[in-house]
Structures are given as C-alpha cells and as structure tokens.
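Novice: Okay, here's the prediction I keep looking at, along with the sequence it came from:
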Amino acid sequence: MIRGANLVAPYVIENAIVYGSLFGLMAIGLTLTYLTTKVPNFAYGSFVSIGIYTSFTLYKVDRINPYFGTPIGFLIGGLSSVAMYLGILRVLARRGSSLVALMISTFAADIGFLGILQIYTDQLYYHYSRFDAKDFYPLGTDFSMFGLPGMFYVAPISLGLITAALYLLLTKTKFGVAMRASVENPGLARVLGIDVEKVYTVAWFLAGGFAALAGAFYPIWLPASVNEGSVIIVDIFASSVLGGLSSIYGAMVGGLIIGASEILVTAVGVDLIGSWVSLYQLGIPLIIMVITLLFFPQGIVSIKWRRLPRRLLSVNWRRFLPRFARRD
Amino acid sequence: MSVCLFCLFGIDIITFLTDLGVFFALYLIVSLSLNLEAGFAGVPNFGKVLFVAAGAAISGSVCGRLAAIILGINTLGDFTGQSARIMPQVNAILQNNIPLSFGLLLLGVLLALGIGAALGFLSSFPAIRLREDYLGMLLLGSAQLFQIFLGGTRDLVGGSAGIQVPDVFKWAEALGVRDLAVLGVVSGFAVLVYVYLERTARSPLGRTLRAVRDNEVASRALGKDDVAIRRKVIIVASAISAMAGALLTFYAGSVGSETWTRYEWTFWIWVMVIMGGAANNAGVALGSFSFLFLFKTLDIVKLHVQLPVDMNWIEYILFASILISVLIFRPGGILPERSSVTLPRATVVAIMGAKQGDGRRPKEQTASALQATPPDTERRDQSNSTTP
C-alpha cells in the first residue's frame, strides 16, 4: 500500500467533515455560555451526553429514527442547561461569588449530571436489557444519499443553518440586539430596560440545545459511552479557545478546524508513523489550544489575515537557523 | 438492620479506623497542596489528578523494575506483562529485607517529588500567563491527556491492565500489622507536609502569597515578583501531590491507567478544600476528614442497604450537591480563612488592651481596629477589658 493513501480515502474526508461540524455546533454553544456568564462551563460535556442518550434511547428502546428524535434531544439539553443556570450559576452570581467559585460549581454540576446519567444507563441496562448502554458502537441507522452517508449532509448543513439563524437572530431581530447589548455591557443594557437575565436564560437554553443536538447526531456516526461528555469536553474547549471564546463565528471555524485536524492528523500519523498514533488523538486539540493561547490568545478571529503575509516576511527567519547555517 | 450494622461496626472498627486513617493522610497531603495553590496563591488547579497519577506511575514503574534488577529476577524483556509473575518473587525477598523495602519506598517518594516538580514546572508556563478560566480548561485537558497517555503507553504502567508494585510493607504483613505500618509511614509524611505548609502559610512568604492572590498590581508595586512566586508554588504543590500518588501506589500494591480518575483525585480534593475552608490548613484537614468519614461510612452502609439504584452514583450526586451548597451557603467553608497575625499574639493583645484602656480614643476606631484582628484575639481582648 502506498503511504499516505489513507489520507485521501473518502471515509477520512467524510469523517473529518462530520467530526468538525459536530464540534462546531458544540463550540458555538459553549461560546454562548461563556459570553453570557463569563465562566467556562465544565458541565457542558454532560449536555452532549444527554443528547447522545436521547438518541440511544429513542433508537434502541422505542425504535424511533434518531434523526426524528433530535428536537427532543434539543429540548431536554436546553432545559437541563437552563436548570443549571437558574439553579446554580445565577444563585452564585447573585451572591457575588468569584470566578473560581463559579468554575468549581460547574465542575460539581458535571459530576452531578454524570451521576444522573449513570443511574439512567443502569436503568436501561437492567430494566430494558440494553447491555451496551454504558459503551456502545455507532447506531448504524444512517440513511444514504448519492452513495454517501446521511450524516455527511446533515451535520454540515445543521451547522450552516444554525450559524445563519444565529446571525439573523443577532443582527436582524430586536431580541438579538438586546442579547448583544447584554453581553457587551449588562449594566447599561439593564438601564435601557432589557431583562438581562431573561436574555441569558435564552442563551443558556440555546447553548444546551446545541450541545444536545450535536450529541444526538454523535452516536449515529461515532461510538459513544456514558463518559463521552467528560472526554470530548477537552475538544470543545479547544475549539472555543481557537475561536477566541468571544465570537460565535470563530467558534464555528474553531470547531471545524479542531475536529477536522484531529481526524486528518491522526490519519496521516497512522500512515507515516504507526497505528499507535491514534491512541493520542486527544493530544491534537490540546496542542492546538496551547499554541493558540501562546501566540494568538484572542483566537483565530483576531488574526489579521491581510497583514499576515507581510508580517511573516518581516520576521527574521534566519535567527531560527542553527549558527553554522547562517551566512551573516 | 441497625443491630447488624452495629455488629459489623463493632468487629471491624480497627480496620475501619486504619483504612480511614490511611486515606485521610493521603488525601490530606493532596488537599493541602491544592490549598497552597488555589487557597493561598490563587492558582485554581483543575488537573490535580495529573500530578498524583504521574507520581504513582513513575514510582510504581521504576521501583518495580529496579527491584527486579537488583534481585536478579529475569523479566524476559517484558516487565509490564510479567509483573504478576515477578512481583511475588520480589515480595518474598523484601519480606526479610527491611532496609531494601525502605530504600525502595524512599526512592519512589523521591522520584515522585522529582517528576511532580518537573511537571509542575512545565505546567507553570501557561499557569503564570493565563487567567483562571483558561488555566482551568488547559489543566483539565492535560490531565485527561495524561490518563490517555498512561493507557496507551503499555511499557510504563501496563496500560489499563496495570502492573503490580513491590510491596515495601511486606515485612509488616508477616507480623500482621501491615495496615498499621502503612498508617504510620503515611501519616508521618502527612504530618511533615502539614507542618511545612502551615509554617509557610504563617511565614512572611504566606502573607506574600495572599497579597499576590488578592491584589497582583499592589504586590507588584511593593516589589514582589508575582510570576516567580506563582511558579514556585505550582512546583512545590505538584511535587507534594505526586508524593501522595507514590505512597498510595505502595499501599495499594498495584497501579494502572484507570486507577486515577478526575472524580476521585480532582473533584474530591476540591470538595475537601472548599468544604473545609480555602486558605486555612486546619479547615482543609477538617474538610478532608469529614468528607472521608462520610464516604467510608457510606461504604459500610452500602453493604447493608439495598437500593434500586447503585449507591456509587448517588454519591456522585450527593457530593456535587454538598459542594454546591457549601459554595452557596457558606462560601468560606467550615473554618473560613483567618487574617494573618504578624506580631506574636501576646504583643497584639497587649497593644489592644492598652488601646482600650486609653479612654480618649473614639469608640468607632477601636471597633474597627478590633475587626482587623483575628476573632480569638478579640475575645481575649474583651475578657481583659472586663476583668479590671
């Protein structure tokens, strides 16, 4: 076999696009919560898990096509997210808790959600005899169109539609303008009569919904387990950080880049180095995150692309060469 | 059922207490180190499990190999795969060789301190630059990656299957007092760590840490190098928590990539620190003890109570609720942080007594001066003023 042939294999490209689109969806939601409450939501992975198990339950127990179940997933994820915001974060924020205290509380909420999910999967296991409830293979129920799997169309199109809808919401509607105002300057927005907390609640509902939506698509394409949320939270953070944590469009791009590069880099690595590379797939988003934080902490949207070539040219590249190779 | 519970409790009380003691000592070490980072220096570490697991992995992996080499046991070139065969042979020799046992224990602890410090140094590069939220995400992710690294690198600790570790307490097992010996050694380390960190907290360095935490700009203006201070704190705290990992490995007798979870070695530690009282070492000790007492008691209850759901998951929800309730209703913890006293307490009391005896001072000023001193000084002060 020719080395590198794997890279252009159609399934690698499909995988990269679907994976990237799912992380784009998740990163948009995380960025929404970060924009409103300014706290990294460690429990965000749990909302993805909620979506995963909505799909799983609907398909395995009720035999409903998971695509039809995605609105239910969206609703449950959104409601859990709102419950967490109103029940924990708003209470703490009103008492003037520090950022660290808020972070700890989201961490605790994650553990709480994980406990609930574990109990739920136990019920599936014992009462519905779903013996793969804790750790399962892709559902394998995807439709096929023009010889390509349905997810290949559904995931990117959902991401595009949601980004477009958010763009319209934030720029064309009164509520969206109120939302932007509450994010930019909550105090001033309150003075203008905007119910900032209602706006934040809606933002949290949407965020949890997007996470659960991505989660509902997830098991159609990928294997999942009850701990899936705690594992992929790292990728979601990396996507949001790459997007700058302050821009929804940045988050979309960040998610696409993180997801796609994870698949592509691993595919290249497996081809060129060995199959053990795939074990360290999770290292890729972390490395991208570290590079982002070190070189452009404001995220990918902060890079001035037009000036970039000139700046790269103006760098004295020779100083990176070893001394004997320099000619000055 | 309650009678049954009592019986079991009555029979097993020694085992229960030693087990609780060992876990208390181990968790105390880690929670005190988190307290140094998050409580005193304001560096929230959400990747505590990384350092604990690193200490455990290095000590378990290196000490086992070294023992096999010293004692001339053939590893057939596959230490991790053969560890279940090698370790009983090693342990049989260690049983009668107390100096070698302690040598291995000490080596493991030193290695753990080294790797902890090295990892702490590495993680201090982002830690001193990033805000709390970015740092939390990065450390949480790094810990996750490290766990995957341990699982994937079979040569280190045998992946998820794990490896056996030389039992350096084998000599005590022959005498039937293994748990007590472990308790002695581990609590010795815990006391050392407690004394060291408590002295640090009370020293000028401790006050500097709080100053850097509370107002970076002001402390910088006073000539404190906040970056260097934070870096040192992270290195020291990581080394200490890695040491706890090494000790637990020797106690448990095995180590694998699944031994260390975010839940048990990051979340629990945070519950202990927040529940006990951040930036108060005595409070953290109390928090660790009450948490583990609750946990170990629930362990016993689990054996006797049949619930329709698994108690382990109920504990997840219970501990999460405890942490959130403490944050909401008592953010300072059981024993909140106390302001540090710079002069010896007797001097402070004498000064305050003199101030109160001095009738010319307006009352408001005395009151505000009183508030600035720690509460027990205030109490003593009042009793002084009422007695004459």
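Specialist: Okay, I see it.
Novice: Residue A:23 and chain B, how far apart?
Specialist: For residue A:23, the distance to chain B (CB to the nearest CB, to the nearest Å) stands at 14 Å. Bear in mind the C-beta positions are built from the backbone N, C-alpha and C, glycine included.
Novice: Around that residue, how many other residues sit close by?
Specialist: By other CB atoms under 10 Å in any protein chain shown, the residues close to residue A:23 number 31.
Novice: Check residue B:300 too.
Specialist: Applying other CB under 10 Å, we find 14 residues neighbouring residue B:300.
Novice: Next, the contact list for residue B:186, please.
Specialist: Contacts for residue B:186 were tallied using CB atoms under 8 Å, 6 or more residues apart in numbering or on different chains; they are B:22, B:25, B:26, B:247, B:251.
Novice: And the strands in the stretch 151-300 of chain B?
Specialist: B:163-164, B:254-255 (DSSP state E, counting those that start in this stretch).
Novice: buried ones in the longest helix anywhere in chain B?
Specialist: As assigned by DSSP state H, the longest helix anywhere in chain B is helix B:98-127. Within helix B:98-127, the residues scored as buried using 16 or more other CB atoms under 10 Å in any protein chain shown are B:100-101, B:103-105, B:107-109, B:111-113, B:115-120, B:123-124, B:126-127.
Novice: any residue of that helix up close to chain A?
Specialist: Yes: residues of helix B:98-127 contacting chain A under CB under 8 Å from any CB of the partner chain: residue B:126.
Novice: Burial check on whichever residue of chain A sits closest to chain B, number of neighbours?
Specialist: Distance from chain B to each residue of chain A (CB to the nearest CB) is smallest for residue A:115, at 2.9 Å. Look at residue A:115: counted by other CB under 10 Å, it has 23 neighbours.
Novice: which helices and strands does the helix or strand hosting it pack with?
Specialist: Element membership of residue A:115 [criterion: DSSP states H and E] is helix A:99-127. Applying 3 or more CB pairs under 8 Å, 6 or more residues apart in numbering or on different chains; DSSP states H and E, one finds that helix A:99-127 contacts helix A:44-60, helix A:66-84, helix A:90-94, helix A:228-242, helix B:132-152, helix B:268-276, helix B:311-329.
Novice: ok, now with 7 Å
Specialist: helix A:44-60, helix A:90-94, helix B:132-152, helix B:268-276, helix B:311-329 (3 or more CB pairs under 7 Å, 6 or more residues apart in numbering or on different chains; DSSP states H and E).
Novice: Including distance to residue A:175 and mean neighbour count, could those helices go into TSV?
Specialist: Formatted as TSV, the helices and strands packed on helix A:99-127 follow (distance: least, CB to CB, whole Å; neighbours: other CB atoms under 10 Å in any protein chain shown):
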stretch	distance to residue A:175	mean neighbour count
helix A:44-60	22	27
helix A:90-94	19	16
helix B:132-152	27	22
helix B:268-276	37	27
helix B:311-329	30	18
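Novice: Can you tell me which of those helices is nearest to residue B:227?
Specialist: Smallest distance to residue B:227 across the helices and strands packed on helix A:99-127 (CB to CB): 13.8 Å, for helix B:132-152.
Novice: so who does the residue in the stretch 151-300 of chain B positioned nearest to chain A touch?
Specialist: The minimum distance from the stretch 151-300 of chain B to chain A, using CB to the nearest CB, falls at residue B:152 (3.4 Å). Residue B:152 makes contact with A:276, A:279, A:280 under the criterion CB atoms under 7 Å, 6 or more residues apart in numbering or on different chains.
Novice: State the three-state secondary structure for the second one.
Specialist: Remark: residue A:279 carries the secondary structure label helix [criterion: DSSP: H, G, I helix; E, B strand; the rest coil].
Novice: Please give me every residue in contact with it.
Specialist: By CB under 7 Å, 6+ apart, the contact list for residue A:279 reads B:148, B:152.
Novice: which residues of the chain score low on pLDDT?
Specialist: Unless you meant another one, I'm taking chain A. Applying pLDDT under 70 to chain A picks out residues A:1-8, A:311, A:315-328.
Novice: Oops, wrong one, chain B.
Specialist: B:1-11, B:341-342, B:356-388.
Novice: what does it put close to chain A?
Specialist: Taking CB under 7 Å from any CB of the partner chain as the criterion, chain B approaches chain A at residues B:44, B:46, B:126, B:130, B:132-134, B:136-138, B:140-142, B:144-145, B:148-149, B:152, B:262-263, B:267, B:270, B:274, B:309-310, B:313, B:316-317, B:319-321, B:323-324, B:327-328, B:331.
Novice: Repeat the analysis, applying 6 Å as the threshold.
Specialist: Within chain B, the positions adjacent to chain A are B:44, B:132-133, B:136-137, B:141, B:144-145, B:148, B:152, B:267, B:270, B:309-310, B:313, B:316-317, B:320, B:323-324, B:327-328 by CB under 6 Å from any CB of the partner chain.
Novice: surely residue B:27 meets residue B:289?
Specialist: No: using CB atoms under 6 Å, residue B:27 is not in contact with residue B:289; the gap is 9.0 Å.
Novice: Name the residue in those two with the higher neighbour count.
Specialist: Neighbours per residue, other CB under 10 Å: of residue B:27 and residue B:289, the larger number sits with residue B:27, 26 against 18.
Novice: Which residue, other than its chain neighbours, is closest to the more buried one?
Specialist: For residue B:27, ignoring the flanking residues on the chain, the nearest one in space by CB to CB, 6 or more residues apart in numbering or on different chains is residue B:288 at 5.0 Å.
Novice: quick revisit: which helices and strands does the longest helix of chain B pack with?
Specialist: Contact partners of helix B:98-127 among helices and strands, from 3 or more CB pairs under 6 Å, 6 or more residues apart in numbering or on different chains; DSSP states H and E: helix B:48-70, helix B:226-252.
Novice: got the buried residues for stretch B:186-201?
Specialist: B:186, B:187, B:189, B:190, B:193, B:194, B:197, B:200, B:201.
Novice: Among those residues, which ones are in helices?
Specialist: Counting by DSSP H, these contribute B:186, B:187, B:189, B:190, B:193, B:194, B:197, B:200, B:201 to helices.
Novice: re the thing from before, would you turn the helices and strands packed on helix A:99-127 into JSON lines with distance to residue B:304?
Specialist: Listed next are the helices and strands packed on helix A:99-127 as JSON lines, based on distance: least, CB to CB, whole Å:
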{"stretch": "helix A:44-60", "distance to residue B:304": "31"}
{"stretch": "helix A:90-94", "distance to residue B:304": "36"}
{"stretch": "helix B:132-152", "distance to residue B:304": "34"}
{"stretch": "helix B:268-276", "distance to residue B:304": "24"}
{"stretch": "helix B:311-329", "distance to residue B:304": "11"}
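Novice: Out of these, which gets nearest to residue B:220?
Specialist: helix B:132-152 (17.9 Å).
Novice: centre of the chain versus that closest one, how much separation?
Specialist: Centroid separation for helix B:132-152 versus its chain: 19 Å, with CA atoms, centre = their mean, to the nearest Å.
Novice: Next, the angle from it to helix A:228-242.
Specialist: Using axes from the mean of the first three to the mean of the last three CA atoms, to 10 degrees, one finds that helix B:132-152 and helix A:228-242 are set 130 degrees apart in direction.
Novice: and helix B:132-152, C-alpha only, in PDB?
Specialist: Output in PDB follows, covering the C-alpha atoms of helix B:132-152 (Å, rounded to 0.1, in the frame of the first residue of the first chain):
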ATOM      1  CA  GLU B 132      -8.100  31.300  35.900                       C
ATOM      2  CA  ASP B 133     -10.700  30.200  33.300                       C
ATOM      3  CA  TYR B 134      -8.200  29.500  30.500                       C
ATOM      4  CA  LEU B 135      -5.900  27.700  33.000                       C
ATOM      5  CA  GLY B 136      -8.700  25.600  34.300                       C
ATOM      6  CA  MET B 137      -9.600  24.400  30.800                       C
ATOM      7  CA  LEU B 138      -5.900  23.700  30.000                       C
ATOM      8  CA  LEU B 139      -5.100  21.700  33.100                       C
ATOM      9  CA  LEU B 140      -8.400  19.700  32.900                       C
ATOM     10  CA  GLY B 141      -7.500  18.800  29.400                       C
ATOM     11  CA  SER B 142      -3.900  18.000  30.200                       C
ATOM     12  CA  ALA B 143      -5.000  15.600  33.000                       C
ATOM     13  CA  GLN B 144      -7.300  13.900  30.500                       C
ATOM     14  CA  LEU B 145      -4.500  13.600  28.000                       C
ATOM     15  CA  PHE B 146      -2.100  12.200  30.600                       C
ATOM     16  CA  GLN B 147      -4.600   9.500  31.500                       C
ATOM     17  CA  ILE B 148      -4.900   8.500  27.900                       C
ATOM     18  CA  PHE B 149      -1.100   8.600  27.600                       C
ATOM     19  CA  LEU B 150      -0.800   6.200  30.500                       C
ATOM     20  CA  GLY B 151      -3.500   3.900  29.000                       C
ATOM     21  CA  GLY B 152      -1.800   3.900  25.600                       C
END
